[in-house]
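Trainee: Next comes the sequence, and after it the predicted model I'd like to discuss.
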Amino acid sequence: QSQLVESGGGLVQPGGSLRLSCTAPGFSLKWYAVGWFRQAPDKEREGVSCISTTGDKTTYADSVKGRFTISRDNAKNTVYLQMNSLKPEDTAVYYCAADYSDYKCGNHDMAYWGKGTLVTVSS
């Protein structure tokens, strides 16, 4: 059962921006590492970015470095993924995931997952 909720997806033109949000209605995200993943049609799910529990460590896939920024606001119990300079190849369902262990940050076996939000980049 999904315990995370993603929002902020939608249709955007190439070069545009979107900000995705990940919240956890049932628990406090501040104790968890949180990652963003995406899955495009007919492709495997891939890791996009991850942020440690304290927020001092972040990782990015090479394909999004310099364009995407992950951040967390513990007061709002939310992790964000700011996506700029979007490209058609960024089109995918984006998922957030959380795990108590920083060592699992970005791993596909993180403990808790959302149902995803669709991002479509098209003119």
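Mentor: Yep, that arrived. Residues are numbered from 1 along each chain as shown.

Trainee: and Met110, what does it touch?
Mentor: Taking Cβ atoms under 8 Å, 6 or more residues apart in numbering as the contact definition, Met110 lies against 33, 35, 97-99, 104. Every residue, glycine included, has its C-beta placed from N, CA and C.

Trainee: pretty sure Arg19 is touching Gly9, no?
Mentor: No: contact criterion Cβ atoms under 8 Å: Arg19 and Gly9 do not qualify, at 10.1 Å.

Trainee: neighbour-wise, which of those two wins?
Mentor: Counted by other Cβ atoms under 10 Å, Arg19 and Gly9 do not tie: Gly9 has more neighbours, with 18 against 13.

Trainee: contacting residues for Gly26?
Mentor: Listed by Cβ under 8 Å, 6+ apart, the contact partners of Gly26 are Gln3.

Trainee: Gly66 versus that one, what's the distance?
Mentor: Using Cβ to Cβ, to the nearest Å, one gets 34 Å for the distance from Gly26 to Gly66.

Trainee: Could you do Ala40 as well?
Mentor: Counting by Cβ to Cβ, the separation of Ala40 from Gly66 is 20 Å.

Trainee: quick one: which of those two has more around it?
Mentor: Regarding Ala40 and Gly66, a neighbour count based on other Cβ under 10 Å identifies Ala40 as having more, with 14 against 9.

Trainee: State whether that one and Lys87 are indeed in contact, as I suppose.
Mentor: No: contact between Ala40 and Lys87 fails when scored by Cβ under 8 Å: they sit 11.7 Å apart.

Trainee: Enumerate the beta-bridge partners assigned to the residue nearest in space to the middle of the chain.
Mentor: Centroid check for the chain by Cα atoms, centre = their mean gives Trp36 as the closest residue, at 2.6 Å. In this structure, Trp36 has the following beta-bridge partners (DSSP bridges): Ser49, Cys96.
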